[in-house]
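1. can't give you the sequence, but here's the structure:
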Ligand SMILES: CC(C)(COP(=O)(O)OP(=O)(O)OC[C@H]1O[C@@H](n2cnc3c(N)ncnc32)[C@H](O)[C@@H]1OP(=O)(O)O)[C@@H](O)C(=O)NCCC(=O)NCCS
């Protein structure tokens, strides 16, 4: 299946990120939680925004999208990095803007991206890592069928849980006819 330019979720749409989106993202409110400071993107200056865009833009090993809500507003960013088509996996990352969390958008966006990863990219597994104190993210991943496959120590001596969603598990939950 050819790669779509937009991915339709139940409520959200994922669209390939363009440079102008980053100017909108620079206006996002900040997370106050100490453990989520990493999710406050440093986009103050145009040069920061150029760098952020260039580093993250889609290429052979990366796909990067903005998440749009029902009104077309950018409420987050989601993507896959370290894509390895021979191994059949890639690593998911997501940030929903601080004033739009806990409304179901993240669950919808991740389910949609996983569908694209398996149907369009032909991956066998979507991987991710999540800080062990990020309970909301863990809840979402478990709800979608991700399971723990290990853990590792990251920066600032934080333990990260390694998780994986297999294509079979995704199809079992979302496309029973394909299993
Ligand atoms: C993690 C994230 C992507 C989830 O997206 P979201 O839109 O907020 O999540 P949803 O609204 O779809 O679902 C949240 C779920 O977590 C639950 N939840 C909320 N706070 C929780 C907490 N402190 N502990 C456990 N579960 C929690 C909600 O009840 C809901 O579960 P339910 O549907 O069973 O009721 C989003 O919150 C985010 O971007 N956070 C900041 C950055 C981040 O942590 N990114 C992920 C890094 S691995």
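-> Perfect, I can see it now. No experiment lies behind these values; they were computed from the predicted model shown. Numbers count the residues shown, from 1 in each chain.
2. check which helix or strand covers the closest residue to the ligand within the chain.
-> Of all residues in the chain, residue 106 sits closest to the ligand, with a separation of 1.9 Å (Cβ to the nearest ligand atom). Just so you know, the C-beta spots here come from the backbone N, C-alpha and C atoms, and that holds for glycine as well. Taking DSSP states H and E as the criterion, the element that holds residue 106 is helix 105-119.
3. so how far is that helix from its chain's centroid?
-> Taking the mean C-alpha point of helix 105-119 and that of its whole chain, the gap between them comes to 8 Å (Cα atoms, centre = their mean, to the nearest Å).
4. what about residue 70, neighbour count?
-> Close neighbours of residue 70, defined as other Cβ atoms under 10 Å, add up to 10.
5. what helix or strand is it on?
-> Residue 70 belongs to no helix or strand when elements are defined using DSSP H and E.
6. how about the nearest residue to it once chain neighbours are set aside, phi and psi?
-> Using Cβ to Cβ, 6 or more residues apart in numbering and skipping residues adjacent in sequence, the residue nearest residue 70 is residue 11, 5.6 Å away. Backbone torsions of residue 11, given as degrees, to the nearest 10, read phi -120, psi -30.
7. Within range of the ligand, give me the residues from this structure.
-> For the chain, the contact set with the ligand under Cβ under 6 Å from any ligand atom comprises 36, 39, 94-96, 101-107, 130, 134-137, 139-140, 143.
8. in the lengthiest strand in the chain, what counts as buried?
-> Secondary structure of the chain read by DSSP state E shows that its longest strand is strand 74-84. By 16 or more other Cβ atoms under 10 Å, the buried positions in strand 74-84 come out as 74-80, 83.
9. Export those residues as CSV, with columns for pLDDT.
-> Formatted as CSV, the entries for the buried residues of strand 74-84 read as follows, by pLDDT from 0 to 100:
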residue, pLDDT
74, 98
75, 98
76, 98
77, 98
78, 98
79, 98
80, 98
83, 98
